[in-house]
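1. Predicted model and sequence below, questions to follow.
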Amino acid sequence: MMWLAVLCAVAGAFFLAFGAQRQGSAVKNNTGGLALGGSGFLRLLTNPRWVLGLVLLGIGTALNVVALTLGTLTVVQPIGAIALVITTIVNSRDQGIRLNRATIVSISACVAGSALFVLMAVNVVSENTHVTQQEELTVVLLLAIVVVFFGGALVMFKRRLKSFFYIVGAGTLFGFVAVLTRIISQQIFDPNKQYLLNVQWYSIFAIAVAGGLGSWFVQSAYSTGPPDLVIAGLTVIDPIVGIAIGITILGELSDYVPPVVAISMAGAAILAIVGVIMLSRHHPDVVKRRRSAKKELRKQ
């Protein structure tokens with residue numbers, strides 16, 4: 001079963017990588033590097049390349065769910081970082097981009113940091129099989145604050161927002177979606193056999209809002225940055241946010257955590273986040289867009 005889980009995780013990473021690259025290039029061609037608008041999104045729905053990317057992303061997500069079902073988080077979760085490497089290689093060849101040293105170092109930091117964080121976290125986190133209503137409400141209320149913050153910034157500063165903002169927003173929102181999805185799945189399979197009757201309506205609503213806004217952020221990030229940067233943000237920020245919520249709110253921290261492990265986890269998280277920041281500043285596509293923007297300003 002474990003080998004099958006590994007194969008599903010690797011296949012899922014390939015589908016996610018190619019799906020992100022297809023959608024990223026479609027959005028870039030559709031918007032010309034400008035912010036994504038409502039009419040632009042509707043045009044994407046009829047773009048074969050974007051739709052193909054959506055299908056590939058759906059298959060990749062399904063394979064990852066199967067992998068997590070058959071295997072353990074310790075083995076499966078770090079494999080998802082392969083998607084970042086694959087996306088970078090595929091996108092650079094598709095767009096004719098030559099990767100610089102800073103980009104390679106940034107990607108290495110993202111992959112190493114996120115993998116180390118997850119591998120250490122699974123050894124100090126104990127699963128909470130019964131989430132109380134108070135804990136669930138706390139997660140939903142905290143998500144509401146996050147939605148208001150990122151949604152408000154989107155409304156007020158849409159023209160000034162960069163890809164890094166969208167990536168951080170999407171990763172944070174999808175981290176909450178993952179936590180609420182796990183809570184709902186536990187409620188559905190609760191031993192009391194009430195199934196869907198255990199599920200709270202506000203959690204469903206919260207997932208819908210966070211998932212919708214997060215998806216919009218992902219598409220907006222595609223329009224203002226390369227797809228490998230988007231994948232980097234999601235594979236780094238999403239699991240860190242999810243694990244942080246599990247530890248701080250759901251009480252999933254083990255009774256004893258060695259100080260060296262706690263410090264190492266913090267260091268790994270910082271390394272991964274620094275990698276994303278570096279990638280958002282030094283990726284060849286980002287540098288090219290920055291230079292083009294400066295030329296346009298000079299002409300004006």
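-> Alright, I've got the coordinates.
2. can you pull the contacts of residue 243?
-> 117, 118, 121, 125 (C-beta atoms under 8 Å, 6 or more residues apart in numbering). C-beta here means a position set from N, CA and C on the backbone, and glycine is covered the same way.
3. Export those residues as a markdown table, with columns for pLDDT and distance to residue 7.
-> Converted to a markdown table, the contacts of residue 243 look like this (pLDDT from 0 to 100; distance: C-beta to C-beta, whole Å):
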| residue | pLDDT | distance to residue 7 |
| --- | --- | --- |
| 117 | 85 | 24 |
| 118 | 79 | 19 |
| 121 | 80 | 24 |
| 125 | 74 | 26 |
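4. Go through those and name the one nearest residue 286.
-> Distance to residue 286, by C-beta to C-beta, is smallest for residue 117 among these, at 24.5 Å.
5. hang on, that closest one in a helix?
-> Yes. Counting by DSSP: H, G, I helix; E, B strand; the rest coil, residue 117 is part of a helix.
6. Average pLDDT for whichever strand or helix holds residue 269, rounded please.
-> Following DSSP states H and E, the helix or strand that holds residue 269 is helix 259-282. Confidence over helix 259-282 (mean pLDDT, whole number) is 89.
7. can I have that helix written out in CSV, keeping just the CAs?
-> As requested, the backbone C-alpha atoms of helix 259-282 are provided in CSV (Å, rounded to 0.1, in the frame of the first residue of the first chain):
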residue,chain,number,x,y,z
PRO,A,259,13.3,22.5,22.4
VAL,A,260,15.6,21.5,19.6
VAL,A,261,12.7,20.2,17.5
ALA,A,262,10.7,23.4,18.1
ILE,A,263,13.6,25.6,17.2
SER,A,264,14.3,23.4,14.1
MET,A,265,10.7,23.7,13.0
ALA,A,266,10.8,27.5,13.3
GLY,A,267,14.1,27.5,11.3
ALA,A,268,12.7,25.3,8.6
ALA,A,269,9.5,27.4,8.3
ILE,A,270,11.6,30.6,8.0
LEU,A,271,13.9,28.9,5.4
ALA,A,272,10.9,28.0,3.3
ILE,A,273,9.2,31.4,3.5
VAL,A,274,12.5,33.2,2.7
GLY,A,275,12.8,30.9,-0.3
VAL,A,276,9.3,32.1,-1.5
ILE,A,277,10.3,35.7,-0.9
MET,A,278,13.6,35.3,-2.8
LEU,A,279,11.7,33.5,-5.7
SER,A,280,9.2,36.4,-5.9
ARG,A,281,12.1,38.9,-6.3
HIS,A,282,14.7,37.1,-8.4
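8. For it, which outside residues touch it?
-> By C-beta under 8 Å, 6+ apart, helix 259-282 touches 100, 102-103, 105-114, 116-117, 120-121, 123-124, 162-164, 167, 225, 228-229, 232-233, 236-237, 240, 286.
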